[in-house]
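Asks: what's the 3D shape of this:
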Amino acid sequence: MKKNSLNYLFSHKWLSIMLITLVSVVLYANSLNNAFHYDDFGAFVDNEAVKSLKNIPDLFKSVVSASKVDDTGYRPLLATTFALNWRLGGLNPFGYHLVNLGTHILNGILVFLILGMLVDSSQNKAIPLVSAILFIMHPIHTEAINYIHARSSVLATFFILLSWFLFIKYNMSAKKRFMYYLGSLLSFVAAVLTKEIGFMLPFVLVLYDFYFVSQGKINDFKSRLLKQHSLFMILLAVYLFLRFFIVKNIKGPGGSNMTLQYLLTQMSVIMHYILLILYPINLAVERNIAMSYYIFQPRVIISALGILFLFFIAIKLYRRSKLISFSILWFFIALAPVSSIIPMIIVMNSHRLYFPGVGVAIISAVLLCGLYDIGKQSKNSVFFRKMFIVLFGLILVFYSMRILKRNGDWKDEYSLWSKNIKVSPASFRSHNNLGSYYDRKGEDEKAMLEYEECLRLNPTSETVFNNLGIVYYRLKMYDKAISAYKSAINLNNDYNDAHNNLGIVYADLGMIKESLEEFKKVIEVNPMHMESYKNIGIIYQKLGDRKNNLYYWKKYIELSPDTPDRELIKKEVDKIESNR
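Replies: Here you go, the predicted model:
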């Protein structure tokens with residue numbers, strides 16, 4: 001390679017963009033046929049609302065129609081992308097993964113273009129491309145790319161970066177300023193309609209203005225706050241008003257309440273995130289993080305001191321390295337919605353680092369390029385430059401190997417959850433999801449072991465008790481099935497499926513009175529529970545009670561227009577009525 005080949009690459013945008021695209025495609029090509037996982041099913045696989053483009057207006061009107069995932073938040077634009085995926089390719093995973101990967105590539109390109117506008121002539125011209133490469137290649141982002149429902153993070157980050165890019169163009173351009181500003185505003189709206197992290201954009205833009213436009217001059221900054229940022233703040237206020245008073249959903253996906261316990265726990269979670277960024281080994285979908293209950297717990301104090309130290313570094317570096325200082329603050333601003341402002345039931349997920357990961361990539365690039373510059377100025381400059389290239393190459397090889405291996409973990413439910421159990425053996429959700437996988441495959445004994453382990457970890461899950469009861473029933477372990485269903489009902493007396501399943505076991509054991517009691521309890525709570533009407537009808541048929549048999553079966557036919565056995569039941573009803 002000629003001496004000026006790298007300079008040629010750094011100086012030609014399209015070559016850099018082609019490199020970013022090529023690297024991304026090579027690294028994630030083995031992920032394009034990976035399976036769907038957990039919240040994917042509620043978001044689009046089993047969600048009828050996204051299976052017709054005619055429903056798109058309804059996605060913007062209701063939280064419920066946008067997803068069957070409980071309390072997923074108001075994300076209609078995300079749901080719209082799922083509707084488009086469904087229209088173009090049904091449930092072929094390839095198309096869904098392609099959109100995630102394509103958006104990831106666009107984000108890498110935007111990082112490159114934005115840094116190209118922020119880096120001045122005194123800085124290493126490699127910073128924009130190195131930042132983009134480190135961003136697209138960091139293994140921590142494999143979850144956001146492989147997990148389709150995590151498109152919320154990837155797509156929201158795209159709109160955030162696009163808005164920031166257009167805002168910078170607005171500040172740097174003499175022409176088309178109105179169009180750049182309007183585009184930035186519309187991208188902000190798109191970001192908040194994709195995921196809640198989007199409402200941090202106005203704070204990012206204010207930070208950018210202070211660092212790179214106003215240059216820390218308070219009077220200029222105050223003047224620009226009103227002129228440049230007021231519309232973003234107004235839109236943010238409108239969005240929050242709509243969420244509070246119209247959509248009436250400002251809770252995070254977990255729907256949990258803001259508590260001191262959650263905030264204290266997030267301090268140690270942030271330090272865990274930083275360790276994973278530095279050493280991305282044994283990545284997991286879910287980790288067991290010990291909850292923090294007191295301010296003076298050692299891990300809370302250590303984590304708080306670590307966070308304060310990073311803020312101190314950001315302040316100290318304001319004059320010496322604005323990019324690093326800005327990027328440290330970017331990391332915390334981007335992490336704030338998921339680590340403080342919006343509480344979650346799952347306290348730690350790798351895909352939540354996607355938006356903050358932009359700041360991490362910039363910090364890493366500035367440090368690496370800074371080391372390269374120091375080496376150039378030393379007496380042994382050739383040696384240091386070669387060592388730098390070797391070191392940087394080793395980092396990229398390590399990242400590549402981790403990505404390719406992690407993509408394989410996401411191949412299917414078995415590979416994902418069995419791997420997660422190895423990394424985090426006490427993960428309740430991992431055992432539950434692996435049990436569900438075995439359950440659907442008909443491997444009842446394996447499913448039983450996983451569900452039993454779930455209940456050892458969390459004996460208060462009525463859903464797992466019910467699922468375990470179903471497995472016991474199929475294994476003809478009737479006493480255990482009855483016990484499991486009763487445990488589910490004790491935890492939630494209105495749990496209809498458990499009552500219905502318990503009624504089925506009683507019916508099989510000839511306990512007719514008890515069986516009818518369970519089925520009728522279901523109907524009392526939910527008069528639309530069609531399976532119970534069918535089961536009651538079957539019992540009355542066996543008892544020779546035609547009147548009640550016909551009543552309950554007719555009710556079942558009325559409530560179940562599309563069930564597989566509807567026609568069979570209807571023929572039985574017609575036969576009974578013709579023999580009267």
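Asks: which residue packs closest to the most centrally placed residue in the chain, ignoring adjacent ones?
Replies: With distances taken as CA atoms, centre = their mean, the residue of the chain nearest its centroid is residue 150 (3.4 Å). Counting by CB to CB, 6 or more residues apart in numbering, residue 351 is the residue found nearest to residue 150 once chain neighbours are left out, at 4.0 Å. All C-beta spots, glycine's among them, are computed from the backbone N, C-alpha and C.
Asks: try residue 478
Replies: Of all residues not flanking residue 478 in the chain, residue 505 sits nearest, at 5.8 Å (CB to CB, 6+ apart).
Asks: show me the contacts for the one you found.
Replies: With contacts defined as CB atoms under 8 Å, 6 or more residues apart in numbering, residue 505 is in contact with 469, 473, 478, 481, 482, 485.
Asks: want to throw the residues you listed into CSV with distance to residue 262, pLDDT and neighbour count?
Replies: Supplementary listing: the contacts of residue 505 in CSV, determined by distance: CB to CB, whole Å; pLDDT from 0 to 100; neighbours: other CB atoms under 10 Å:
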residue, distance to residue 262, pLDDT, neighbour count
469, 33, 97, 28
473, 38, 97, 21
478, 42, 96, 15
481, 37, 97, 23
482, 38, 97, 20
485, 33, 97, 30
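Asks: ok so, going back, which is the next helix or strand following the helix or strand where the residue nearest to residue 478 lies?
Replies: Residue 505 belongs to helix 496-508 when assigned by DSSP states H and E. Proceeding N to C from helix 496-508, the next assigned helix or strand is helix 512-525, under DSSP H and E.
Asks: What angle do helix 496-508 and that next one make with each other?
Replies: Orientation of helix 512-525 against helix 496-508 (axes from the mean of the first three to the mean of the last three CA atoms, to 10 degrees) gives an angle of 160 degrees.
Asks: buried residues in whichever helix or strand comes after helix 512-525?
Replies: Going down the chain from helix 512-525, the next helix or strand is helix 530-543, by DSSP H and E. Residues of helix 530-543 classed as buried under the neighbour-count rule (16 or more other CB atoms under 10 Å) are 530, 531, 532, 533, 534, 535, 536, 537, 538, 539, 540, 541.
Asks: from those, which is closest to residue 299?
Replies: residue 531 (48.2 Å; CB to CB).
Asks: residues in contact with that closest one?
Replies: Applying CB under 8 Å, 6+ apart, one finds that residue 531 lies in contact with residue 500.
Asks: what about the closest residue to residue 17 other than its chain neighbours, distance to residue 379?
Replies: On the basis of CB to CB, 6+ apart, the spatially nearest residue to residue 17 that is not a chain neighbour turns out to be residue 109, at 5.4 Å. Taken as CB to CB, to the nearest Å, the spacing of residue 109 relative to residue 379 amounts to 39 Å.
Asks: More neighbours: which of those two?
Replies: Summary of the neighbour comparison: residue 109 and residue 379, criterion other CB atoms under 10 Å, with residue 109 having more neighbours (20 against 7).
Asks: contacting residues around the more buried one?
Replies: By CB under 8 Å, 6+ apart, the contact set of residue 109 is 17, 20, 21, 132.
Asks: Now the helix or strand containing the last one - C-alpha only, CSV.
Replies: The secondary structure element spanning residue 132 is helix 127-137 (assigned by DSSP H and E). The C-alpha atoms that make up helix 127-137 are tabulated as CSV, following Å, rounded to 0.1, in the frame of the first residue of the first chain:
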residue,chain,number,x,y,z
ILE,A,127,-11.2,10.3,13.6
PRO,A,128,-14.5,10.3,11.7
LEU,A,129,-13.8,7.0,9.9
VAL,A,130,-12.3,5.3,13.0
SER,A,131,-15.3,6.5,15.1
ALA,A,132,-17.7,5.0,12.5
ILE,A,133,-15.8,1.7,12.2
LEU,A,134,-15.6,1.3,16.0
PHE,A,135,-19.3,2.0,16.3
ILE,A,136,-20.4,-0.5,13.7
MET,A,137,-17.9,-3.1,14.9
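Asks: That helix: how far from the chain's middle?
Replies: A distance of 23 Å separates the C-alpha centroid of helix 127-137 from that of its chain, computed with CA atoms, centre = their mean, to the nearest Å.
Asks: can you list contacts of that helix?
Replies: For helix 127-137, with CB under 8 Å, 6+ apart as the criterion, the contacting residues are 9-10, 16, 19-20, 23-24, 27, 104-105, 107-109, 111-116, 119, 141, 323, 357-358, 360-362, 364-366, 368-369, 396, 399-400, 403.
Asks: Same check on stretch 217-226?
Replies: With contact meaning CB under 8 Å, 6+ apart, stretch 217-226 is reached by 206, 209, 210, 213, 214.
Asks: Name the member of those residues with the most neighbours.
Replies: By neighbour count, taken as other CB under 10 Å, the most surrounded of the contacts of stretch 217-226 turns out to be residue 210 (21 neighbours).
Asks: show me what contacts that one?
Replies: Applying CB under 8 Å, 6+ apart to residue 210 gives the contacts 216, 221.
Asks: what about it, distance to residue 218?
Replies: Relative to residue 218, residue 210 is positioned 9 Å away (CB to CB).
Asks: and what of residue 98?
Replies: The span separating residue 98 from residue 218 equals 47 Å under the rule CB to CB.
Asks: same thing with residue 326?
Replies: Spatial separation of residue 326 from residue 218 under the definition CB to CB is 17 Å.
Asks: Same drill for the two, tell me which one is more crowded.
Replies: Here residue 326 and residue 218 are set side by side on neighbour count (other CB under 10 Å), and the busier one is residue 326, at 23 against 9.
Asks: What backbone torsions are found at that one?
Replies: Listed backbone geometry of residue 326 is phi -60, psi -40, with angles given as degrees, to the nearest 10.
Asks: and stretch 84-102, average pLDDT?
Replies: Mean pLDDT, computed over stretch 84-102, is 96.
Asks: any low-confidence regions in the stretch 301-450 of the chain?
Replies: Low-confidence regions of the stretch 301-450 of the chain, defined by pLDDT under 70, span residues 341-342.
Asks: Could you pull out the helices in it for me?
Replies: When secondary structure is read from DSSP state H, counting those that start in this stretch, the stretch 301-450 of the chain shows helices at 322-336, 357-377, 381-409, 413-423, 428-441, 444-457.
Asks: Turn those into TSV, columns for distance to residue 574.
Replies: Formatted as TSV, the helices of the stretch 301-450 of the chain follow (distance: least, CB to CB, whole Å):
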stretch	distance to residue 574
helix 322-336	63
helix 357-377	63
helix 381-409	54
helix 413-423	43
helix 428-441	35
helix 444-457	37
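Asks: and residue 312, which of these is closest to it?
Replies: Distances from residue 312 to each of those were compared using CB to CB; the shortest belongs to helix 322-336, at 9.9 Å.
Asks: Report the distance from that closest one to the chain centre.
Replies: Chain-centre distance of helix 322-336: 21 Å, with CA atoms, centre = their mean.
Asks: next one: stretch 287-302
Replies: Per CA atoms, centre = their mean, the centroid offset for stretch 287-302 relative to its chain is 24 Å.
Asks: mean confidence for stretch 33-47?
Replies: When the per-residue pLDDT values of stretch 33-47 are averaged, the result is 90.
Asks: Dump that stretch to PDB, keeping only the CA atoms.
Replies: What follows is stretch 33-47, C-alpha atoms only, in PDB (Å, rounded to 0.1, in the frame of the first residue of the first chain):
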ATOM      1  CA  ASN A  33     -31.700 -15.700   8.800                       C
ATOM      2  CA  ASN A  34     -31.700 -15.800  12.600                       C
ATOM      3  CA  ALA A  35     -35.000 -16.600  14.400                       C
ATOM      4  CA  PHE A  36     -37.400 -14.200  16.100                       C
ATOM      5  CA  HIS A  37     -37.200 -14.000  19.900                       C
ATOM      6  CA  TYR A  38     -39.400 -13.200  23.000                       C
ATOM      7  CA  ASP A  39     -40.900  -9.700  22.400                       C
ATOM      8  CA  ASP A  40     -40.800 -10.100  18.600                       C
ATOM      9  CA  PHE A  41     -43.900 -12.300  19.000                       C
ATOM     10  CA  GLY A  42     -46.000  -9.700  20.800                       C
ATOM     11  CA  ALA A  43     -44.700  -6.900  18.600                       C
ATOM     12  CA  PHE A  44     -45.400  -8.400  15.200                       C
ATOM     13  CA  VAL A  45     -45.500 -12.200  14.900                       C
ATOM     14  CA  ASP A  46     -48.800 -12.500  16.800                       C
ATOM     15  CA  ASN A  47     -49.900  -8.900  16.500                       C
END
